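> Build me a model:
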Amino acid sequence: MSTAHNLGFPRIGARREMKRAVESYWKGDLDEAGLLAVGRELRARHWKLQAEAGLDLVPVGDFTWYDHVLDMSVLLGVVPQRFGDVMGNVDLKTYFRMARGRAPGDKAGSADTYACEMTKWFDTNYHYIVPEFNADQTFRIASNKLFDELAEAKALGVRAKPVLVGPLTYLWLGKTRGAAFDKLTLLEKILPAYAEMLARLKQAGVEWVQIDEPILVLDLPQAWKNAFESAYNRLQSSGVKLLLATYFGALDDNTGVACRLPVDGLHIDLVRAPQQLATVLDQLPAYKVLSLGVVDGRNIWRADLEKALAILDSVKERLGERLWIAPSCSLLHSPVDLALETKLDQEFKSWLAYATQKVAEVVALREGVDHGRASIGVMLDASRAAAQSRTTSKRIHRPDVKARAKALSASADQRHAPYAERARQQREKLKLPLLPTTTIGSFPQTQAIRSARSDFKAKRITEAEYNERMKQEITLAVRKQEEIGLDVLVHGEAERNDMVEYFGELLDGYAFSENGWVQSYGSRCVKPPIIFGDVSRPKPMTVDWTTYAQSLTQKPMKGMLSGPITMLQWSFVRDDQPRSLTALQIAFALRDEVLDLEKAGIKVVQIDEPALREGLPLRHADWAEYLRWAAQAFRVSAGAVRDDTQIHTHMCYAEFNDIIDSIAALDADVITIETSRSDMELLDAFVNFSYPNEIGPGVYDIHSPRVPTKDEIVRLMEKAAKVVPVDRLWINPDCGLKTRDWPEVETALANMVSAAKTLRERLQH
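Now for the predicted structure:
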């Protein structure tokens, strides 16, 4: 028989129980024992769901309070020195200090320090906490979390498959600190800790361990390829069977490396890279299991079971019981359960599958390949009907939208004048001081704002009453910014539930779920819109709110929009046309909005693209084409404005060095970026490239409750001024402020403005 298994399940809970528990713990409303109890209940529920659905092996160790890479750092005792000397097991407070800079109970200024860096997990919108290594790094088992959770699962009768981030991937994802050295030299030090882990798992009665090495779908230096063989030769003596899991792309030139490793099984992603199957089958040794990821773990569309079975049947004939069936990757990127969606119409709902339904699809595919189509007749019929419905539905296709994208002119994505001339006109129009201060867009989403939104959705207040409440919040945000002394203001985005969802709700071609939540980082969950059809803008989306805010001040008010690539990347995207075409449709919709803002008298428009780097293909050979159409989509959205209208963009939590030329190709007048966690390290990319336009390096880490001091900000900006001409520098936070509270925001921004004044005085003397 074939084996049905899963690579990982969402941690957040169907109703975001993990998020609520963690945030209650941070606030001091829930003690550690209460937090741990919530975790036990969630894990038990998720294991039971998967086991009862019929999975042969259920993942254990995929649950986390913040991030699974951070969990791996804690398991291995990789705790940076600034968080203190940890001699025994790493406790939960240290864990959260690494993630956030502060733990519950810490007094401001006492245990405060800067958090570990955070960046995107491969090409997803999930963020991981970056491991930090030094040249004399040591590794040891410093947490019992994995082993305790395994014991919980075994007590419940679950056939558990522990999940680990593999040693090569873990080292690859980390950063070195202090004196420069090659991370790969740490492999010899880290392998004994992995061997000890595997030995303990073997002793606990584990048969299979899933060891994730997704870097095998990347372009790897030869030294790293060679290291795989030596590493896994060392680990094969543990006595447990290892399933090496790869995902998010094709093995390609790493196929031979992966197939030759002394492990008992290999998992490959056939959703992202179906073309790799034949090569892998040809090189796979006769003793190895092959796990095929045929259910999409990263999107919400129902699987076409007929197509999947056609693939599995042929492989089953060749491999027999060595065939395993799984989602393409961990289901942490999928919402939990479609059954909670009560407002989607039946036709649309029939097109979808969340994590719970994807587990059922995996089991159905095992049954279908082992016992024939008749054994899954009902599910197969539903799958066929959904595929047919999506092909023929008139809700999806708009000839007018397709025609506009097809008629794209050569000049549609170009500003009229080069940056130098635009900058001159903008300086005359805006009359900003040296080192202008601004924020990235959002201000705290207070309980009053959330209550108003909830009341409006529940129809407890009218639309007019809701709008009045939002105007009150906008007035408050503008007043506070003026009091603080910021130079370019924002309206605060009180009316926006999410930077992508808000716009999607106002565009045709989008649909929305009630409970389609996925984890972005830590307790931060997002509910991605669903792009199911051709995208267009039926009416203005932000003009009224922005012009109202502008009416309250004489200072410039920024219009705030989410860019086409971010709208694409942070949505569940239709899979029946190229992503480039969907991005262009979104760009034209945003272009109309930008022109309406300009017509209404808005002099500065920010088009955020934090997801530009995230969308980069994992293989270098595919970069040029993606970056071409991604940059073009941004320029289409911004290209029609006058030269004296200033276009900003924002990017965060990504490495820019390797795509800096494409960032310059966006031709934004001002780019704001996250740099505080890296101590301005990210600016090196802009310096080495001689970035020609204006830059706002973030000086306030908004993902930490720490409030930066004036002196810290001055130091950071002085560091920035050494590498970027001061007349092209802005001062701003790393990102939007919606998750912070007003008292800390006001203090931090006041420090920021005070730092700007100090720097101006120094520079003028």
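
> what ranges of the stretch 101-250 of the chain fall below the confidence cut-off?
Within the stretch 101-250 of the chain, the stretches with pLDDT under 70 are 107-112.

> So which residues of it form strands?
118-120, 127-129, 132-133, 160-165, 175-176, 208-212, 241-245 (DSSP state E, counting those that start in this stretch).

> Quick check: which of those strands is nearest to residue 532?
With C-beta to C-beta as the measure, strand 118-120 is the member of the strands of the stretch 101-250 of the chain nearest residue 532 (24.9 Å). (C-beta placed from N, C-alpha, C; glycine too.)

> so how far is that closest one off the chain centroid?
8 Å (C-alpha atoms, centre = their mean, to the nearest Å).

> same thing with stretch 477-491?
The answer for stretch 477-491 is 29 Å, by C-alpha atoms, centre = their mean.

> Regarding that stretch, how distant is the last residue from the first?
End-to-end span of stretch 477-491 (C-alpha to C-alpha, to the nearest Å): 7 Å.

> Identify each buried residue in it, please.
If you call a residue buried by 16 or more other C-beta atoms under 10 Å, then stretch 477-491 has these buried ones: 477-478, 480-481, 484, 486-491.

> Repeat that for stretch 243-255.
The neighbour-count check on stretch 243-255 (16+ other C-beta under 10 Å) flags 243-252, 254-255 as buried.

> got the residues you listed as CSV, with distance to residue 90 columns?
Supplementary listing: the buried residues of stretch 243-255 in CSV, determined by distance: C-beta to C-beta, whole Å:
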residue, distance to residue 90
243, 27
244, 27
245, 25
246, 29
247, 28
248, 29
249, 33
250, 36
251, 34
252, 37
254, 33
255, 37
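
> residue ranges of the helices in the stretch 351-500 of the chain, please?
In the stretch 351-500 of the chain, the segments counted as helices under DSSP state H, counting those that start in this stretch are 355-371, 377-392, 399-406, 419-430, 447-457, 463-484.

> Quick check: which of these is buried the most?
Highest mean neighbour count of those: helix 355-371, a mean of 23 (counted as mean count of other C-beta atoms under 10 Å).

> got a list of what the residue nearest to residue 264 when sequence neighbours are not counted touches?
Closest residue to residue 264 apart from its sequence neighbours, by C-beta to C-beta, 6 or more residues apart in numbering: residue 241 at 4.0 Å. By C-beta atoms under 8 Å, 6 or more residues apart in numbering, residue 241 lies in contact with 207-209, 263-265.

> out of these, which is most surrounded?
Ranked by neighbour count under the definition other C-beta atoms under 10 Å, those are headed by residue 209 with 25 neighbours.

> Wait, that residue touches residue 240, no?
Yes: the pair residue 209 and residue 240 passes the contact test of C-beta atoms under 8 Å, sitting 5.0 Å apart.

> Show me the common contact partners of the two, please.
Both residue 209 and residue 240 are in contact with 198, 201, where contact means C-beta under 8 Å, 6+ apart.

> Residue 599 is nearest to which of the helices of the stretch 351-500 of the chain?
Closest to residue 599 of the helices of the stretch 351-500 of the chain is helix 419-430 (C-beta to C-beta; 15.6 Å).

> Any figure for the gap between residue 588 and residue 346?
Separation of residue 588 from residue 346 (C-beta to C-beta, to the nearest Å): 31 Å.

> how much does the host helix or strand of residue 545 deviate in direction from helix 463-484?
Counting by DSSP states H and E, the element that carries residue 545 is helix 543-550. Here the directions of helix 543-550 and helix 463-484 differ by 40 degrees (axes from the mean of the first three to the mean of the last three C-alpha atoms, to 10 degrees).

> Do me a favour and average the pLDDT over helix 543-550.
Per-residue pLDDT over helix 543-550 has a mean of 98.

> Residues contacting it, please?
Residues contacting helix 543-550 (C-beta under 8 Å, 6+ apart): 470-471, 474, 477-478, 489-492, 495, 557, 559-560, 593, 596-597, 600-602.

> returning to what we had before: pairing partners for the residue nearest to residue 264 in the sheet, please.
Beta-bridge partners for residue 241, by DSSP bridges, are residue 208.

> and the two most separated of the contacts of residue 241?
Using C-beta to C-beta, the two most remote members of the contacts of residue 241 are 207 and 263, lying 13.7 Å apart.

> now the helices for the stretch 501-650 of the chain?
With DSSP H, counting those that start in this stretch, the ranges of helices along the stretch 501-650 of the chain come out as 501-504, 543-550, 564-569, 579-599, 623-638.

> neighbour-wise, which of residue 588 and residue 346 wins?
Between residue 588 and residue 346, counting by other C-beta under 10 Å, residue 588 is the more crowded of the two (20 against 6).

> Tell me how far the closest residue to that one other than its chain neighbours lies from residue 703.
Once flanking residues are discounted, residue 588 sits nearest to residue 404: 5.7 Å by C-beta to C-beta, 6+ apart. Plainly put, residue 404 is 38 Å away from residue 703 if you go by C-beta to C-beta.

> now the strands for the stretch 601-750 of the chain?
604-608, 646-651, 670-673, 694-697.

> Tell me which strands the second one pairs with, and in which orientation.
Each strand pairing with strand 646-651, determined using DSSP bridges, is listed with its direction: strand 604-608 (parallel), strand 670-673 (parallel).

> what is the mean pLDDT for that strand?
According to the model, strand 646-651 has a mean pLDDT of 95.

> how about that strand as PDB, C-alpha atoms only?
C-alpha atoms of strand 646-651 as PDB (Å, rounded to 0.1, in the frame of the first residue of the first chain):
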ATOM      1  CA  GLN A 646       6.500  62.500  -5.600                       C
ATOM      2  CA  ILE A 647       6.200  58.700  -5.700                       C
ATOM      3  CA  HIS A 648       7.400  56.700  -2.700                       C
ATOM      4  CA  THR A 649       7.700  52.900  -2.300                       C
ATOM      5  CA  HIS A 650       8.400  50.800   0.800                       C
ATOM      6  CA  MET A 651      10.200  47.500   1.200                       C
END
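
> Between helix 579-599 and that strand, find me the angle.
Angle between the axes of strand 646-651 and helix 579-599 is 140 degrees (criterion: the same axes, to 10 degrees).

> which residues are contacting strand 646-651?
Counting by C-beta under 8 Å, 6+ apart, 422, 426, 430, 440-441, 558, 563, 603-610, 612-613, 634, 638, 641, 663, 666, 668-674, 735 sit against strand 646-651.

> go on, stretch 497-504?
With contacts defined as C-beta under 8 Å, 6+ apart, stretch 497-504 is touched by 441-442, 453, 493, 495-496, 510, 512, 526-529, 531, 541, 561-562, 566-567, 570-571, 608, 736.

> The lowest-mean-pLDDT helix or strand in the chain packs against which elements?
Using mean pLDDT, DSSP states H and E, helix 683-688 stands out as the lowest-scoring helix or strand of the chain, at a mean of 74. If contacts are counted by 3 or more C-beta pairs under 8 Å, 6 or more residues apart in numbering; DSSP states H and E, helix 683-688 sits against helix 660-665, strand 694-697.
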